[in-house]
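> Next comes the sequence, and after it the predicted model I'd like to discuss.
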Amino acid sequence: MIQARPVSRRRVLQIAASIVPLFVDGECGAALRRVGAERAVRHSDELLALGAREAVERIGRGELEVETYVARLLAQYGTHKDLNVANTIEPARILEAARLADRMRRRGATLAPAFGLPFAVKDQIAVAGYSTSGGNGALRGYVPKRSAAAVDRLVAAGAIPFCMTSLPDMNVVDGLMHQLSAHSESFGAVHNPYDPARIPGGSSGGNGAILAARIVPAALGLDTNGSIRCPAAFCGVTGFRPSTFTLENAIQGTRRKRYPDDGLVLPPARRLDTIGPMARTVSDVAFLDWLITGEQVPTVNLRTVRVAVPSPSFWEEDCVDADVAAVIRQTFDTLRDAGCTLVEIDFNSEVRRLVGTIEQPTPAAVFAADGMNAPMPTRDTMAAWLEANAPNVTVEQMYRGRPMRGGGRSLPPANEQIAVLSDAASRYTEVYRAHRVSAIAYPAIPIVAPPIRAGGPKEPFGELITINGRQIEEGKVAARNLFIAPRIGAAALSIPAGLARGLPVGLELDALPGKDTELLGLGVAVQAAIGLIPPPEL
């Protein structure tokens with residue numbers, strides 16, 4: 001089991017010394033002065049290390065004031081502002097919400113289940129009163145009047161919005177959004193806390209980085225083709241993609257998302273899009289999921305679980321970095337030692353064949369992404385959204401001359417799409433039934449976070465790397481496994497498994513559509529067995 005590194009007294013003093021001057025003339029400085037320098041020194045790293053559940057519990061017991069906690073997180077943000085994790089942050093507003101919470105607790109108010117919990121929101125999910133840009137400079141002035149339903153549920157549970165996190169420009173070119181780097185032409189590049197010279201993953205890159213940097217303990221992201229799980233894997237945090245179908249819906253070819261997706265910036269959500277929670281541990285992700293859905297996560301005994309894993313040929317033939325493979329295979333050994341039954345399957349022929357690859361997707365993949373009452377954004381739908389929400393912004397300003405479709409792509413009739421999707425869902429289900437497994441485990445991403453290339457491609461597409469003697473595009477190998485779950489509508493979870501060359505490696509666990517709570521329960525048990533990875537050396 002990997003243990004977190006102990007924090008030296010010298011490091012605590014260094015952090016504490018950086019707190020007091022920070023925002024000294026503003027709200028944070030005033031709050032920290034009230035807390036007192038000695039107390040700030042004593043609790044500095046302790047507060048940053050708190051998870052979401054633990055922070056709420058300490059606040060509820062009266063051991064921690066919300067203002068004290070929020071002030072420390074704001075100071076941590078200021079210290080590491082160069083990571084570029086937030087597009088919008090308003091310290092005075094956050095501190096005022098924290099003071100209000102403290103007054104309520106002192107007056108003996110009944111505390112909601114997430115009382116005082118600061119959480120970040122991807123700058124593509126509406127938060128009332130906060131500038132929400134979708135990473136696009138043309139929308140800097142767009143301030144939603146209503147929050148997304150998922151945000152409302154967290155706020156109703158007592159949580160406090162902390163900031164709008166950075167993401168790539170929401171630019172759709174022929175309906176395909178390849179955004180692994182979290183680089184925005186308008187807001188700049190987000191940096192990975194484990195190595196600021198590397199990308200954090202995308203498109204919820206600000207979320208991955210802000211969690212890894214210990215600035216907030218919880219966040220809401222948005223996953224289309226891996227936009228939660230990619231930054232979770234690269235930044236060493238946990239990311240959860242909820243089901244976008246139930247099993248019955250998937251087989252019938254109809255849509256039923258587990259999380260509400262109203263309140264997204266830009267045109268209506270596609271079949272693949274879903275809001276999802278992110279945190280540093282699976283337990284905290286399960287807590288956020290319960291706040292949003294009301295569904296309790298069961299306790300799972302690993303000795304009663306069967307999990308499918310790739311057979312040995314996968315590691316020899318597939319595009320998996322040797323150091324990443326070593327981390328994942330060691331994780332599998334740890335799970336076997338904990339009593340979990342691992343069943344080897346031919347991953348490529350039994351799983352990936354259902355959705356194909358990025359270069360050659362199956363018909364099911366195409367229809368899941370682009371058909372059946374879930375059209376991709378077009379010039380017309382974009383113009384309609386802007387007219388209703390940001391009438392002073394034009395499509396041309398949004399896309400700065402980039403190509404965009406004028407109308408929907410020609411697709412087969414709905415009944416043919418339903419038949420293809422139903423067949424893919426049935427065959428995916430058969431993999432689970434044939435092997436009597438409740439989940440499938442594999443590397444979330446087969447490589448570690450690529451470098452940020454100044455003056456080169458903003459995305460790692462086009463850059464060739466050599467893996468197992470084979471040259472392949474860096475971006476395509478990074479996204480290779482992320483596309484599987486969205487095409488099937490499956491629940492998917494990325495858990496930090498360890499470090500390769502000092503950089504995080506993510507283990508992905510997928511379950512059948514609709515088996516979200518069971519997957520989260522399994523994830524909690526898996527993380528308890530393998531342990532937590534060390535935090536970044538900031």
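Right, received. Where do you want to start? Nothing here was measured: the structure is a model prediction, and the numbers come from that model. Residues are numbered from 1 along each chain as shown.

> Return the residue of this structure that is most distant from the centre.
Distance from the centre of the chain peaks at residue 107, with 36.3 Å (C-alpha atoms, centre = their mean).

> Please report phi then psi for that residue.
The phi/psi pair for residue 107 (degrees, to the nearest 10) reads phi -80, psi 0.

> so how far is residue 117 from it?
Between residue 107 and residue 117 the computed distance is 19 Å (C-beta to C-beta, to the nearest Å). Using the backbone N, CA and C atoms, a C-beta is placed for each residue, glycine as well.

> and what of residue 332?
Applying C-beta to C-beta to residue 332 and residue 117 gives a distance of 34 Å.

> same thing with residue 492?
To residue 117, residue 492 is 24 Å away according to C-beta to C-beta.

> cool, residue 53 as well?
Distance from residue 53 to residue 117, counting by C-beta to C-beta: 9 Å.

> The two: who's more crowded?
residue 117 (28 against 20; other C-beta atoms under 10 Å).

> thought that one was touching residue 219?
No - here residue 117 lies out of contact with residue 219, judged by C-beta atoms under 8 Å, at a distance of 11.1 Å.

> the strands in the stretch 1-150 of the chain, which residues?
Assigned by DSSP state E, counting those that start in this stretch, the stretch 1-150 of the chain shows strands spanning 86-88, 118-122.

> Pick the most deeply packed of these.
Most buried of the strands of the stretch 1-150 of the chain, by mean neighbour count (mean count of other C-beta atoms under 10 Å): strand 118-122, with a mean of 27.

> Can you tell me the strand partners of that strand and which way each runs?
strand 160-165 (parallel), strand 218-223 (parallel) (DSSP bridges).

> Which one of the ones you listed lies nearest to residue 390?
strand 160-165 (15.6 Å; C-beta to C-beta).

> Can you pull out the residues in contact with the helix or strand following that closest one?
Going down the chain from strand 160-165, the next helix or strand is strand 183-184, by DSSP states H and E. Residues outside strand 183-184 that contact it (C-beta atoms under 8 Å, 6 or more residues apart in numbering): 135-137, 166-169, 189-190, 199, 202, 452, 458-459.

> circling back: what's the separation between the residue farthest from the centre of the chain and residue 100?
As judged by C-beta to C-beta, residue 107 and residue 100 stand 11 Å apart.

> Return the subset of the contacts of strand 183-184 lying in helices.
In helices, judged by DSSP state H, none of these are found.

> Sort out which one of these lies nearest residue 214 for me.
Closest to residue 214, out of all of the contacts of strand 183-184 and judged by C-beta to C-beta, is residue 190, at 15.8 Å.

> That closest one reaches residue 82, doesn't it?
No - taking contacts as C-beta under 8 Å, residue 190 lies outside contact range of residue 82: 10.6 Å.

> Neighbour count: those two, which is higher?
Using other C-beta under 10 Å as the criterion, residue 190 and residue 82 rank with residue 190 on top: 35 against 8.

> Report the contact partners of that one.
Here residue 190 is in contact with 83-85, 166-167, 182-183, 199-200, 202, 205-206, 209 (C-beta under 8 Å, 6+ apart).

> again, only this time at 6 Å
Contacts for residue 190 were tallied using C-beta atoms under 6 Å, 6 or more residues apart in numbering; they are 84, 166, 182, 200, 205-206, 209.

> Of these, just the buried ones, ChimeraX syntax please.
In ChimeraX, a selection of the buried entries from the contacts of residue 190 looks like this (16 or more other C-beta atoms under 10 Å):
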select :84,166,182,200,205,206,209
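
> Dump the contacts of residue 190 to a markdown table, plus distance to residue 430 and pLDDT.
Below are those laid out as a markdown table (distance: C-beta to C-beta, whole Å; pLDDT from 0 to 100):
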| residue | distance to residue 430 | pLDDT |
| --- | --- | --- |
| 84 | 45 | 97 |
| 166 | 41 | 95 |
| 182 | 37 | 86 |
| 200 | 37 | 96 |
| 205 | 36 | 95 |
| 206 | 39 | 97 |
| 209 | 39 | 98 |
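
> could you redo the contacts of residue 190 as TSV and give each row distance to residue 336?
Below are the contacts of residue 190 laid out as TSV (distance: C-beta to C-beta, whole Å):
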residue	distance to residue 336
84	41
166	39
182	35
200	32
205	34
206	36
209	33
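
> Go through the contacts of residue 190 and name the one nearest residue 158.
Once C-beta to C-beta is applied, the member of those that ends up nearest residue 158 is residue 206, at 23.4 Å.

> wait, what's in contact with the residue nearest the centre of the chain?
Centroid check for the chain by C-alpha atoms, centre = their mean gives residue 228 as the closest residue, at 2.8 Å. Residue 228 is in contact with 204, 221, 239, 241, 276, counting by C-beta under 6 Å, 6+ apart.

> which residue sits closest to the third one, ignoring its sequence neighbours?
Which is residue 239. Nearest residue to residue 239, sequence neighbours excluded (C-beta to C-beta, 6 or more residues apart in numbering): residue 232, at 3.0 Å.

> For the one you found, give its distance to residue 536.
In this view, residue 232 and residue 536 are 14 Å apart by C-beta to C-beta.
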